[in-house]
Structures are given as C-alpha cells and as structure tokens.
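Chemist: Any chance you could fold what I've pasted below:
(4 chains)
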There are 4 protein chains.
Amino acid sequence: MSLLENYQQIRQKTIEFCSLLEIEDYAIQVVDFASPAKWHLAHTTWFFETFILKNQVKDYQEFDKNFNYLFNSYYNNVGKRILQNNRGNMSRPSTSKVLDYRKYVDVKMQEFLKDIADKKVIDLVTLGLNHEQQHQELLITDVKYMLGHNPLLPSLDSAFNLVKDSNIDTKKIKIKAGIYEIGYQGNDFCYDNELGVHKVYVDDFEINNHLITNGEYLEFMNSGGYSDFNFWLDEGWTWVNNDKINAPMYWHKIDNEWHYYTLAGLQKVDKNAILSHINYYEASAFAEWKGMRLPTEFEWEIASNNLDWGKRWEWTNSAYLAYPRFEKENGAVGEYNGKFMSNKMVLRGASVATSKNHSRNTYRNFFHSSDRWQFTGLRLAK
Amino acid sequence: MSLLENYQQIRQKTIEFCSLLEIEDYAIQVVDFASPAKWHLAHTTWFFETFILKNQVKDYQEFDKNFNYLFNSYYNNVGKRILQNNRGNMSRPSTSKVLDYRKYVDVKMQEFLKDIADKKVIDLVTLGLNHEQQHQELLITDVKYMLGHNPLLPSLDSAFNLVKDSNIDTKKIKIKAGIYEIGYQGNDFCYDNELGVHKVYVDDFEINNHLITNGEYLEFMNSGGYSDFNFWLDEGWTWVNNDKINAPMYWHKIDNEWHYYTLAGLQKVDKNAILSHINYYEASAFAEWKGMRLPTEFEWEIASNNLDWGKRWEWTNSAYLAYPRFEKENGAVGEYNGKFMSNKMVLRGASVATSKNHSRNTYRNFFHSSDRWQFTGLRLAK
Amino acid sequence: MSLLENYQQIRQKTIEFCSLLEIEDYAIQVVDFASPAKWHLAHTTWFFETFILKNQVKDYQEFDKNFNYLFNSYYNNVGKRILQNNRGNMSRPSTSKVLDYRKYVDVKMQEFLKDIADKKVIDLVTLGLNHEQQHQELLITDVKYMLGHNPLLPSLDSAFNLVKDSNIDTKKIKIKAGIYEIGYQGNDFCYDNELGVHKVYVDDFEINNHLITNGEYLEFMNSGGYSDFNFWLDEGWTWVNNDKINAPMYWHKIDNEWHYYTLAGLQKVDKNAILSHINYYEASAFAEWKGMRLPTEFEWEIASNNLDWGKRWEWTNSAYLAYPRFEKENGAVGEYNGKFMSNKMVLRGASVATSKNHSRNTYRNFFHSSDRWQFTGLRLAK
Amino acid sequence: MSLLENYQQIRQKTIEFCSLLEIEDYAIQVVDFASPAKWHLAHTTWFFETFILKNQVKDYQEFDKNFNYLFNSYYNNVGKRILQNNRGNMSRPSTSKVLDYRKYVDVKMQEFLKDIADKKVIDLVTLGLNHEQQHQELLITDVKYMLGHNPLLPSLDSAFNLVKDSNIDTKKIKIKAGIYEIGYQGNDFCYDNELGVHKVYVDDFEINNHLITNGEYLEFMNSGGYSDFNFWLDEGWTWVNNDKINAPMYWHKIDNEWHYYTLAGLQKVDKNAILSHINYYEASAFAEWKGMRLPTEFEWEIASNNLDWGKRWEWTNSAYLAYPRFEKENGAVGEYNGKFMSNKMVLRGASVATSKNHSRNTYRNFFHSSDRWQFTGLRLAK
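Modeler: Residues are numbered from 1 along each chain as shown, chains lettered A, B, ... in the order given. The predicted structure is shown next:
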C-alpha cells in the first residue's frame, strides 16, 4: 500500500468510529486522563499540520492560528498548550469546525503525499499515522469511560462488544536461561523507545499462553482477594481502601450478579471471556494469590513468538525506563516517549481496541500502575 | 393574559435564547455552580412534570423514568438526584431528546391548563413559571461563564451586549427614621421568603439613586483598592490574595487597557456603563474606600419607590435569613427557599438578564459573598 | 481593683491553666482553627509588647525581633505574620523561651502600669486584658480539641469537668412588641462591635429560660434527627452527610451507650447536663424539629435581664454584621472585630470556660455556622 | 562484638542524637513523610517488644496495650495502626513516658539476650537492630526537615554539619560487557530484597568515581537548568512548575548569594562540598544536561569495589522491583520490603547520616522520584 493510501485509510478509520457518536459526545471530558473525542480528532490533525505541512509546504496557510494552542498535547517545543484537564471546557470550536479542520488538512496532505520522496519526511508522516492509530484506541477507551460513567449507561452500538472473546488454551511455554537480544531490529516503523537493541540475560522461566479469564478472576474475588492485604502492594492496598474497590472497572453487582458495562451496553459478566480493565495493582495481587508472578517485558518479548497475543494489553513486571542505548531525537519529536519514563509500568501485546497492524512484539506501551480504563489484562509466569 | 398564554410565552422565551447556542454549548459544565444549558432546559420541564402532571393528570405517562434522577436539582422530597458537579458529565440524554421532553410536557401542560380552576394548582403552575424565569437568567449567566472561560472568548451574538447601559443620575434619596413594614403585601405571586410581613425600625438614612459605574470602580482600582487590606473583610482579603484578584470577573488587561468579555465578545471597558460581576467582598471594599456603606435590604425596600432599579442585582448589607413570621410550606415546595438561609447575602433589584415582570421591590435574591458570575452591582448609602 | 492588680490577676490566670499541661501539649496544632498553647501564651504577650511597650516606653528593647512575625495573629497593620495553619510547625522557640518572654514583658508592664494616667493608654491595656481573657477561653477549648482527638483521650485533670452543670427551669419569658435599644450604653469596657447603640422594632415573642439539655438532644437524635433532611439547612445537610455526623462533637457511642470526652476524661453522657459542642446547623435543626426557632440576637439582649445565662455560648439566628453606627477605630486596633463580619453567626451569653466578669448582655461573640469546638448550646424562642 | 553489646551500642546511639533536642522537638510532625522523633523512639522499641519479647519471653507484660496501635508503622499483620499523617497529633504519650518505654524494653531485652541461641531469633533481633539504624538516619533527616522549615532556621548543634565533605577525584571506572552476579552472597545480615542472587548481562560502561558537587550543580542552575523543559522528565517538569522549584531542598538565595540550611544552621553553599537533597527528577535532569546518564543499580553494584561511596545515597536509573528469585517471608516480617515495590527508584551507597557498618554494596535503598529530604546525590555514567 502506498503512503497516500495508508494515510487515507487510517484517517478514514478515525471518522468511522466517530460516526457512532452524538454531537454532545464529542465535547465532554469526564476525567483528566480521558480527552474529548473532538480533541482527539483535532490533535491528530494538528500533528500533520504542525510537523509536516507548516515545515514542508511552501506558503501553507494554517487553518486557524488558535489551534496550535488548543490542540497541542504535550509538545513543549511547539509553544504553549492548554492543560489536559481543561480540554473538556471547550464547547467551541464546534465539532463541525473541527471536522472542517480535518478536511482542510487532509486535502493539503493528500496533495503533498503525491510526490514525497525524502526519507525523513516519509518517516515523520509514518509517525503521524502511528500516532493517529494510538489515538484511535484512546478514542474508544475514552468514549467508553464517558458513557460508562453516564448514569444511563447508554449503548454506543449493539454490535460493539469488545470484551467478548475468550481463550481456553493451557499451553505453557518454557524458555531456557541465556543471553537474548531485546528491541526492534526490522526495517519498518517502530517507536524510538523500542530501539537501543541490547542483550539481556534471563534465567529459566515458564510463561502461560492463556490470558486470565473473568471466571478465574472471580475466583480471586470470591476468595476475598480484595480484602486480604497480604496479596497487595502497599500503594495498591491504599487504593483499594480509599476508593472502596472490589471489582475491575465497569463491573456492577446487580441483584447479586456481576455485570459489566460494554460499548454495547450493560451485560452479564461472561466467565469465559478474557479479563479486562484491571490495573497493575490488581494484576500483581492476582498473581500473588496464584503463587505466581507477572513476566518481565524481556521474558514476554523472548517468548512472544510462541504466544497468542493481541487481545489485551498485558501488564508486565517491568518499569518503563530507557533501554541502554536509547537516544532521544532532537526537537519536538524527541518528546514523544522519553520524557514519560517515570512511575509507569510497561504493557506488552495489543488489545481488541488496537488498530490492525499497529503493534509488534517489541512495542512498549506504558501506563500508571493505577490506570485501568484501557483494555488491560494479564498473563502469568514463574 | 391567561395562565395558558403566560405558560406559552415563558416557555418559548427559554427556547429563543437557546437558539443562539451550538449543540456542544448545551452539554458542558465548566464549574460546579454553573449548570449546562441542557440541564436547565430539562430541569424546568421536570418541575412541571413532577409537581403538576404526575399529581394532577390521570394516567399520565412520564416521559422517561430516569429523568427524575437526572434533572431534580435539590428537592430531597422527590427522590435521589445527581450531584451538582456531575451535571456536565452527561453527553446523553442528547439535546434533541431533551427538546423532545420539553415538547412532550408542553403538549400535556397546555391541554391541562385549558380548564384549570383549583387555586392551589394555579399557584403551583405560577411558581413553575417564576422558577423557569429564574432559570432563564441562570441560562444567560451560565452560558456567559462557559464562553467567557473558553480560550477563544467567542461571541454568542453581536447584538448581545448586556453590560452596555449607563446612568449619570446623582440624586440622593433621604428617608426619615421610623417604623416601616417589610415584605410582600399584594395579591399576585411572590416567593415564600418575601412573606412574613413585619415591622422594622430604621434610622435616618440616605441612599443614592445611581449605581456605581465602571469608571468609578476604575478609580478604586487605580488608587490601589485591591492591594490595601484596610478596605477588605478578612475573608475578602484572603480571596483577593489566594486567587490573585485585581479586577471584576471577565475583565482582562490587554496592551495596558482594560477590556471585558461580553456575550457579544471582548470589548473595551465602557467607563459610563454600570459596573457588573463583582462579589460582596468587592462591593463592601468599594463602599469602605468611599467612606460609605451598602444599604440594608430594609433600607433598600423602603426607599425603592424612589429609586431607579433593575439593571443590576444590588448587594445589600443584609444576610439572607428568615423573616420573623416565615413559614415553610409542606413537602417539596417548602424546599424552595428556606433551606438556603445560611452564609449568603441578600441582593435586591433585578438585572439586565432578569425576565421582564419577574422581580418586585420585595424580591429577595441571594448568593454567596464570593459569587460574581451574576450581573451584580452596587449602590451606596450612609 | 487597680489596673495593675487586674493585670497581675489576669496574666496569672493564664499561667495557672497551663500548669496542667505537659511540655509537648504546648507545641502541637491538630487543626487550623485551634492554635497551640505556646502560641496563645506568646500572642497575648505580643499584644502588650506591640501596642503598649513599643509605643509608650522610651528605649524599650523588644525581647526578640522574630516574635512580631511569629506571634502576630491577624493584624495586617503591624507587619507580616505566619499563617494560622503553620503555628503548629514550630517546636522552637521552646515553651521555656516563651515563658521567659511573658516574664520579661510582665516586668516591663508592671513597671509601666505604676504611673499610668492617659485614658487612651488605659483603654488599650484594658483591651489587652479582655483580649487575654478571650484567649484563656480559647486555650481551654483548643487544648480540649487536641486531647479530645488524641487516640488515648487523656484526662487533663480529674477536677476539670466543664460540661457537668444542669438546669431544669421551665420558665418562659414573654416580651411585648415595641421599639427597644440595642448595644452597650455603660461606661466600662466593651468591644467596638457592641457600640453603635440603635433602636430595633421587635414583635411579641416568647423565650425559654432553660438551655437545651443532653437528654432533650438525645430525643432528637433517637427520633432520627440526623437522618431527616427536612430539619436541616442545605449546607447543614451537606455537612452531616459528608462528615458522617450523628452526634455533637466529642460524643462516642461505646457498647451502645453514649459517652463524651471531657477534660476530666471520657464519661457517660449526663442527660441532665446542658448540651454543648453543637454548631449552628445542629442548633437550627433541633429548633426546627421542636417546631420552634432560635432567638435573634436582639430578642436575646432584650430578654436577657430575665434570663439565666452564662453556661453556654448560645447560637442566635442573627448574622454577625455591623450595627448601623458601627465605627472602626483607626490602625491595628480597628482590625479587632469589624473585618470578620462575613459568613458568621452571633452567639450571645458566656460559657463555663469564659473568664469571670468577661462577658456582658451586649457581648457579641461570633463563629462560623460549622464551628463546634467552643462550649456552644442553644435556647429556644417563638 | 556480642549481640548484647551490639544491642546496647545501637540503642544508645539513638538516644545520643536525641539528647540534642528540645522536648517540643520530639512531638511535632511538619509533613506526612517525616515522623516525629518521639514516634521513631517508640516505634523501634515496639519492634523489639512485638516481634521478640511478646513471642519469646514467657509471661511478658506489655508496657502499655495502646502502644501497639500507636507505634506500629505499616505492619498490617499485627493489628490496626494510626495513619502516618496523624503521628504529629499526639502530645501524649509524653516523651518521658516514651523514654520509660525504651528503658522497660531494654531491660527485658538485655536479660533475654544473655542466653539466646536460636538462629531464627538471633536473626530477628539483628533485623530489629538494622531497623533501628534505618530509623537513626530518618531521625536525623526528619529533624532536619522540621527545623529547616521552622521560620527561625534554628541550629541543632554547631558541630553538626553533615554536608561539608568534598571530593575532587576525577577517576573514571571502565567495566567490560559480560554476565555478572547481583545480590548478597555473604553470611552476615542483609535485607530480603538483596537476596535472589541472579545474573545480569551488562554492556560496556564507564562510571565516575566522584559525586557531583554543589559547584557543578550551580553551573546547571546558572545555565538555566530549571527553566528548560528539554532536560526534564514530564513529571519532573510538572513538579518544577507547580512547586516553583529553582534549587535543591534547603537552599535559600539571600542577598543574591546561595545559602543552605544545615543542622548547624544557615551557611553559604560550599562549592566543593558534595551536592545533597536532590530528587530523582533533578538527578536525571542534571545528567541529561551533561549529556550523560545515571548508572543502573546493576552497573553500580558491579563497579562498586572500585568506587568511593558512602557520602550520599545515589539515585540510580533502576526502578525498585523484585529480583527474579525474591521470596517474601511469611507473616509480618514479610511486609518489610516487598510491598513497597511500586513507583519508587533504587538508591545505592550510603550517606553521612547512615549508621556505621549499616550499608553494603548490595543494599537497595528506595524512595519516590520526588523525595529529597534524604541526603541524596548523584554519580554519572555513560
């Protein structure tokens, strides 16, 4: 597929998901970490305008000079930006103006992409498309968060049930101790945080092919898992008690039966489906209860060719830190990954909400230990 | 005018203002105290459905059973309600569904009003219409707050400039000491908090006919009013310092000149226009600086027949407390006013955003000492 | 008694109470509104040093130049001061240094008082002594707060039981409608907020001689008073629910029986003793439940000659605002009362912790509606 | 040295430091993370009483049954405990009672230690002594925090200047790539988190022998280090801006010259002395500015035999996570380290406040990325 076709397909996919939304759904921000749909639409567009069009297209007229301020997410190198917790204060610019913005930039971009040859620019466009795919997943999880916290628990679309898959495989993969190479070695796109290929020594280990199901997690819950401090990290235990947590996110006990909110509405918990929406504290407590542990990100990567993966982002027992030879790029693009390397854990794999062909077995996703609004699950090792 | 015609006119007026809004403007809540437009539209409708239709119309089918929960504001007597700071979390029900709700209730109400005779029910409908008028003013001030805190400072409508009026009258009204009667004594509608007609003794006093202008307030500002603690109440001084206040709400200093945000967009401060958007602390500091004081609500009411009033809600030096013979009504309607009688000050008059014929010279409006998003001003006495 | 003798007695009384304290008791601040004992000792001394000695005594050497900063409470006119919530951060200066400070100032003051004649200076010393008496009461209530929130609930002194008194009087005082004069008219000391003698008109009213007892309040509690919103002001109801309040401050239910903490330790609630440690919301809810109301401060003052008062500070239904002819004094002393006139209610009377001869029937005490760490009670009227 | 002698010496050392304190210094808690001296004294004693005396000594009478509740720090296995941020609310039990507690337990312990042979019990006593040494360091840093936040900036003792040392060594240690063993392999005491000896592969690296000095850090500051986001982790940049940070903790600019607070009082910053009181964000920003990086904890341990270490706790670029074969002990002692393994970074080395012979080259200290009240510094690698 040409870069132009790729651009068209990926940009179109964002719009397709949004066609399910009511206009008001675009504007609202319920919580700091989940941005409004309108913002995602504009921010991904801003990326192309700022890093490609303004730099590469002669006499490019920017769509609206305020948009740099409104839709920059965290790039300090490209000027001021509104704070993340103020993104939901903006009824204006309206959704229709934001959609105009997308069309305006798409026209310019498609023209520009017709005869593009410079490797550096191609790489930047490719980064922009991967960036858009990341926001496609965030769009889904942020909309789910908003509707899942609306007292009406509305269904977005009856066909949209992202937590329904299951697995019953009990295969265990055994890996021998030794020195392995970690990091991306191919020629296609990858993020900077996957580079810095390096060797690690790992001991003998065993890792399960199957992801924990709701049924298995219910056993943990029913055996008192949320009320026995012995299984929990200290910060996790504080979280459980302060926030009165007794189940994964989106779970509701109704008439003594567990249900969960999905984008297709409220449903009974399916015991065979793969567990989702847990945070690192819960993943770690479950593993402790089982007498096992989470794999490190290195173990995961080494074993990945023998694993079925791609249904949940899997918490690993590795902190998100730089690889030994990690090099930040210069300028704004260098802010993409490196500066977030503190107080986060690595997740490996991909989820049902991840764009096709977006992830890799060297992909390093990262969230705070307490985050659980992504489609997150766990796999055990020992 | 018949009650039916009155109902139609008042309900229609709410919709007229809303026709200026973008769909996204209906849904957003920027701050706890300012509710989304969609909520105002639904809540005023809920009032008629709950207190009239459900009680009076046989076999009335409620529009949606969830709406009682979503759109009850503070009436504990009629069930659970969502917290005020969660009203902006709701993208659903959509604006169009809320407008359907209004139409549905309006049809039923208009049918019902055709042959209504029961005095108690007529009084309740009249209360509902006055309630709607109060929310018409809140709609304007809440939308102004939302747009006035949008980084784009968008204009709602170029014709909409509610702070443009002025006055240059210097008349002083002198009132002799004596016993006066306070409270509503007519036969038309009034709120319960105006009843309990009672006598008060007031000393000789003098009250200005004119409301303080922006120009006069600028003199206070330019003479260092916001940085001299001697003029301020202790809580006011804390507020000024903690929130780094140096001007009324919506004022911005741009290129060394004061501007303010209006619903017609950003404008230069008009020195002849009447001051607006100040709180009790600022009103009281200004009076102290002038060597004068605010009138009490009794002085205001006694002098009111000789005053021009109706352009700003005027801060008085009276706390909002019950009149000696105040009687709370039974049930939910009794929650209308009485339970708010703590830590608020009385404002008298009416503002440019107040519905025509809504206020009276016995009307007791009330807000916290720190509130300033209403069209509030001041008049001096001594 | 001479001013010198008065000075000696009052200053000595402060020290006497403190002799019951452990050294560590002097330093700790548990909550913003209750200052450490060490601070009270120093601040009352600072008052004499700052307003008398520095101004009146030639070549007076101040004890320590840092103390102005550390022990100024809220007088903006005399320089910077540390914030109220930082008073408990200071282990140094040590208690023994603070006691040295008291001795140093006492020696200078006693010398100075030997031949003092200037009426203005005598008035200022008298103000300082009344100020010290106010802090004597705060010392008791602040120490009670600290020990009452220590998990050991330690007794300060077995003889110290300030909530033991009782009353069984059922006399009702009836007052005729008419014009009455309010405010202090004598020649002795009073605070500025009692001046501005003025006339008020009051209607016929009836006021009880007896203060509500614990037994009567228990009836309110047992009949569900804390769980029925109909009795509560809106802000009171929010407070009850947010803070999960179900009894007056210091009450603990142990083995199904109500106890309360006193400075003599934990005791069973004495049903005949007068209720204490309630706030305005509780006072007002109780009155509502009884179908009666709190008196206004004017009614209280008018009836006071026929009332037994002095055991509890009695919540009135009057906001703390300036009397019509209230005049702030110039300079720092003018900050004593006037600037606190917002969002507080007036309490009349005196309590078991109030210094002898300190209060009067025109005395206006004032606290926030939510405060209940003072010895506060209520009397009904109608 | 016998275990008994060791016990006596270590317990005595705690008391020696405390002899410098005023009584009030024992009681006050200025910030959640720094406990009062009184609490440290009691908590270390509680450890011996709870884990040794109560389990091993027949008919042991506990000193005070409330102390288990008051002085348990975080051991959920041994009952309830007061929250960390309430430790400073307690004026009682008094310091003298806490000292009695120490004497009581010391007498019992010394008797018990005379003929102790059981290896498990000896290990537990040894753990208690290492625990006491950890609290000796916390005592120093917590007292420094309290006095360093007292507006008087009092000196504890003129001899007490813990930041005066210096180094000028420029040696660089080069280590060859290969597999190395990590973790404690000796026969003496170590913490459980040092066990789980395992192999790691490290690449070629170079590490400096010298720790960064104040002079070097001043260059970073003077070149605008605190105002250029390019050097900072995202969370670090937020911290710098929210808390308006422009220097290490305890630094004050006075008359345009940098001073710092030490336990010997305020002093001019010594450029040759080793930098102290920085957090991970600052360490990481400095390294970025220098174009270098922090060592990992593995690199540090591998190189440690060739390094001078022991003057500052050195931030590493490793998150505090379990070693591959880490095994939590059963019961309360298992809560010592493992449950804290989230959102913290490892520090290696020891500081001027660390007890002699307490640390090792395998010792894993850990703090939050934002903590800087310990004597923390940094060493560069590449």
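Chemist: In chain A, which residue sits nearest chain D?
Modeler: A:A319 (3.2 Å; C-beta to the nearest C-beta). C-beta: built from backbone N, CA, C; applies to glycine.
Chemist: Now whichever residue of the stretch 201-350 of chain A sits closest to chain B. Nearest residue, chain neighbours left out?
Modeler: Using C-beta to the nearest C-beta, A:G265 is the residue of the stretch 201-350 of chain A that sits closest to chain B, at 12.1 Å. Excluding its sequence neighbours, the residue lying closest to A:G265 (C-beta to C-beta, 6 or more residues apart in numbering or on different chains) is A:S155, at 3.5 Å.
Chemist: Tell me how many other residues surround the residue of the stretch 201-350 of chain A closest to chain B.
Modeler: A:G265 has 16 neighbouring residues, counting by other C-beta atoms under 10 Å in any protein chain shown.
Chemist: repeat for A:S35
Modeler: The number of residues packed near A:S35 is 20, by other C-beta under 10 Å.
Chemist: What residues does chain A have near chain B?
Modeler: Contact residues (C-beta under 8 Å from any C-beta of the partner chain) of chain A with chain B: A:22-28, A:30, A:38, A:66, A:69-70, A:82, A:88-95, A:146-147, A:149-152, A:154.
Chemist: and if we set it to 6 Å?
Modeler: Residues of chain A lying close to chain B (C-beta under 6 Å from any C-beta of the partner chain) are A:22-25, A:27-28, A:30, A:66, A:89-92, A:94, A:150, A:152, A:154.
Chemist: With respect to D:N222, which of those residues is nearest?
Modeler: Checking the residues of chain A next to chain B against D:N222 by C-beta to C-beta gives A:N66 as the nearest, at 36.5 Å.
Chemist: those strands in chain A, which residues are they?
Modeler: Counting by DSSP state E, chain A has strands at residues A:172-175, A:178-182, A:198-202, A:205-208, A:251-254, A:257-262, A:265-268, A:313-319, A:345-349, A:365-367, A:376-377.
Chemist: Give me the neighbour count for the residue in the stretch 151-300 of chain A that chain C sits nearest to.
Modeler: Per C-beta to the nearest C-beta, A:K244 is where the stretch 151-300 of chain A lies closest to chain C, at 14.0 Å. For A:K244, the neighbour count with other C-beta under 10 Å is 8.
Chemist: Please apply the same query to A:S94.
Modeler: By other C-beta under 10 Å, the residues close to A:S94 number 19.
Chemist: And for it, nearest residue in space, chain neighbours not counted?
Modeler: Nearest residue to A:S94, sequence neighbours excluded (C-beta to C-beta, 6+ apart): B:E22, at 4.7 Å.
Chemist: mind checking pLDDT for the one you found?
Modeler: At B:E22, the model reports a pLDDT of 96.
Chemist: now do the one 4 residues further on
Modeler: Model confidence at B:Y26, given as pLDDT, is 97.
Chemist: A:I168 now?
Modeler: 69.
Chemist: what's the answer for A:S94, then?
Modeler: A:S94 is assigned 96 on the pLDDT scale.
Chemist: count of neighbours near the closest residue to chain B within the stretch 51-200 of chain A?
Modeler: Going by C-beta to the nearest C-beta, chain B is nearest to A:S91 of the stretch 51-200 of chain A, at 4.1 Å. A total of 28 residues lie near A:S91 under the criterion other C-beta under 10 Å.
Chemist: isn't it right up against B:E24?
Modeler: Yes. A:S91 is within contact range of B:E24, at 4.1 Å (criterion: C-beta atoms under 6 Å).
Chemist: Now list whatever residues contact both of those two.
Modeler: Common contacts of A:S91 and B:E24, defined by C-beta atoms under 6 Å, 6 or more residues apart in numbering or on different chains, comprise A:A27.
Chemist: Dig out what the residue of chain A closest to chain D forms beta bridges with.
Modeler: Beta-bridge pairing for A:A319 (DSSP bridges): A:M345.
Chemist: for the strands of chain A, which one sits closest to B:K176?
Modeler: Using C-beta to C-beta, these put strand A:251-254 closest to B:K176, at 68.0 Å.
Chemist: Just give the number of residues close to A:L83.
Modeler: As a burial measure, A:L83 scores 8 neighbours (other C-beta under 10 Å).
Chemist: which ones are touching the residue of the stretch 51-200 of chain A closest to chain B?
Modeler: Neighbouring residues of A:S91 by C-beta under 6 Å, 6+ apart: A:A27, B:E24, B:D25, B:I28.
Chemist: Read off the pLDDT value for it.
Modeler: Model confidence at A:S91, given as pLDDT, is 94.
Chemist: how is chain A carved up into domains?
Modeler: What automatic domain parsing lists as the domains of chain A is A:3-148, A:172-377.
Chemist: For beta bridges, what are the partners of the closest residue to A:W309 other than its chain neighbours?
Modeler: The shortest distance from A:W309 to any non-neighbouring residue, by C-beta to C-beta, 6+ apart, is to A:G349 (4.3 Å). Residues in a beta bridge with A:G349, per DSSP bridges, are A:W313.
Chemist: residues near A:G349, how many?
Modeler: Counted by other C-beta under 10 Å, the residues lying close to A:G349 total 25.
Chemist: can you pull out the helices in chain A?
Modeler: For chain A, helices defined by DSSP state H occupy the ranges A:3-18, A:37-48, A:54-56, A:67-71, A:95-114, A:119-148, A:214-222, A:234-242, A:280-290, A:297-303.
Chemist: Would you format those as a markdown table with mean neighbour count and distance to A:I207 included?
Modeler: As requested, these are arranged in a markdown table below (neighbours: other C-beta atoms under 10 Å in any protein chain shown; distance: least, C-beta to C-beta, whole Å):
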| stretch | mean neighbour count | distance to A:I207 |
| --- | --- | --- |
| helix A:3-18 | 16 | 32 |
| helix A:37-48 | 25 | 34 |
| helix A:54-56 | 13 | 45 |
| helix A:67-71 | 20 | 41 |
| helix A:95-114 | 17 | 42 |
| helix A:119-148 | 20 | 25 |
| helix A:214-222 | 17 | 16 |
| helix A:234-242 | 17 | 23 |
| helix A:280-290 | 23 | 12 |
| helix A:297-303 | 24 | 5 |
